[in-house]
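Trainee: Need a 3D model of the sequence below.
(one chain, ligands or ions: 1)
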Amino acid sequence: MNEQNTQFVFDPMAAKYDRCNHIFSLGVDYRWRKKVVRAISPYPNQRVLDLCTGTGDVVFSFLKHSPVQDITGIDISESMIDLAQKKQIRFGGKRWTNNKNIIWKVADAAQTGLASESFDAVTCAFGIRNIPNRTAALSEIYRLLNPKGKLGILEFSLPASPLLRFPYNFYLNRLMPLLGQWVVGDKDPLRYLAQSIGHWHTEVNFSAELAAAGFKLIRKTPLTSGVATLWLAVKR
Ligand SMILES: C[S@@+](CC[C@H](N)C(=O)[O-])C[C@H]1O[C@@H](n2cnc3c(N)ncnc32)[C@H](O)[C@@H]1O
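Mentor: Alright, predicted model coming up:
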């Protein structure tokens with residue numbers, strides 16, 4: 001998928017993106033993002049960057065579930081960043097947003113324009129799969145991280161158990177596009193999602209890509225029977 005296609009898929013979906021996420025994941029997406037925050041477990045004075053932030057759910061999860069004070073969310077889609085900013089305004093009264101430095105930026109994860117070694121941790125939830133030039137994105141993350149900085153990547157995957165994989169594939173490839181028609185008014189974004197998850201799971205050896213980019217894999221954790229996977233790595 002090239003950058004124009006990325007925007008073609010995500011821009012029209014932006015307004016309905018959160019609803020889709022929570023409906024299609026049956027609400028477990030919140031717990032997955034919280035696992036990313038727990039895996040990174042930043043100190044209060046550390047700087048965190050969330051790439052492919054979408055409407056900012058990982059950023060808000062860090063603010064709620066960690067002591068982090070300084071966090072940046074980046075997305076290539078202006079509509080997504082607009083929604084993240086609106087959400088921040090909505091959450092303005094919450095105690096966990098008080099005195100926090102939150103920065104939003106429209107940028108390509110492969111070319112952020114941010115200073116080298118300016119973050120202690122980088123995260124990316126359900127985004128790395130969509131980036132056409134993943135090698136460039138991983139080397140950009142490497143550049144942005146401080147030495148020993150942490151990287152947390154959350155992605156969809158397929159259950160390892162064949163007993164679960166068959167019904168899950170049916171849900172992903174048949175039911176979700178139908179639900180997509182109902183929720184988003186279009187089957188295509190959900191068809192794309194199912195195809196890209198299948199390709200990512202079977203064709204991509206992401207642990208090897210992390211190693212090639214200079215990261216040391218700490219652990220790879222399947223979540224919810226392998227429907228999602230969390231990679232935790234550090235900059236060597
Ligand atoms: C599936 S959404 C995930 C959003 C969010 N991280 C979450 O947990 O819900 C993927 C996001 O990646 C963004 N994206 C895709 N390619 C990108 C790129 N090259 N650079 C930055 N963002 C990108 C899309 O605009 C979209 O908002």
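Trainee: Now whichever residue of the chain sits closest to the ligand. Nearest residue, chain neighbours left out?
Mentor: For the chain and the ligand, the shortest gap (C-beta to the nearest ligand atom) falls at residue 54, measuring 2.5 Å. C-beta here means a position set from N, CA and C on the backbone, and glycine is covered the same way. Closest residue to residue 54 apart from its sequence neighbours, by C-beta to C-beta, 6 or more residues apart in numbering: residue 80 at 4.9 Å.
Trainee: was I right about that neighbour contacting residue 57?
Mentor: No - here residue 80 does not reach residue 57: they are 10.7 Å apart, not a contact under C-beta atoms under 8 Å.
Trainee: Other residues contacting stretch 123-131?
Mentor: Applying C-beta atoms under 8 Å, 6 or more residues apart in numbering, the contact partners of stretch 123-131 are 1, 6, 9, 32-33, 36, 40, 48-54, 57-58, 62, 109-110, 134, 137, 141, 151-156, 196-197, 200, 204, 206.
Trainee: Centre of the chain to it, how far?
Mentor: Relative to the centre of its chain, stretch 123-131 is centred 5 Å away, using C-alpha atoms, centre = their mean, to the nearest Å.
Trainee: is that stretch anywhere near the ligand?
Mentor: Yes - using C-beta under 6 Å from any ligand atom, stretch 123-131 reaches the ligand at 125-127, 130-131.
Trainee: For residue 118, give me its contacts.
Mentor: Residue 118 neighbours (C-beta under 8 Å, 6+ apart): 47, 144, 146.
Trainee: just for the protein, where's the confidence low?
Mentor: When residues are selected by pLDDT under 70, those of the chain lie in 1-13.
Trainee: need the strands for it, in chain order.
Mentor: In the chain, the segments counted as strands under DSSP state E are 47-51, 70-75, 101-106, 119-125, 145-156, 215-223, 228-235.
Trainee: Reformat those strands as TSV; add mean neighbour count.
Mentor: Formatted as TSV, those follow (neighbours: other C-beta atoms under 10 Å):
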stretch	mean neighbour count
strand 47-51	26
strand 70-75	24
strand 101-106	15
strand 119-125	26
strand 145-156	21
strand 215-223	15
strand 228-235	21
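Trainee: Now distance to residue 186 too, for these, in a markdown table please.
Mentor: Output for those, formatted as a markdown table (distance: least, C-beta to C-beta, whole Å):
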| stretch | distance to residue 186 |
| --- | --- |
| strand 47-51 | 26 |
| strand 70-75 | 21 |
| strand 101-106 | 24 |
| strand 119-125 | 23 |
| strand 145-156 | 19 |
| strand 215-223 | 28 |
| strand 228-235 | 24 |
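Trainee: if we can go back for a sec, how near is the residue of the chain closest to the ligand to residue 85?
Mentor: For residue 54, the distance to residue 85 equals 12 Å [C-beta to C-beta, to the nearest Å].
Trainee: ok, those two, which is more surrounded?
Mentor: residue 54 (25 against 15; other C-beta atoms under 10 Å).
Trainee: Show me what from this protein comes close to the ligand.
Mentor: Counting by C-beta under 6 Å from any ligand atom, the chain sits next to the ligand at 6, 10, 21, 52-54, 57-58, 74-77, 80, 108-110, 125-127, 130-131.
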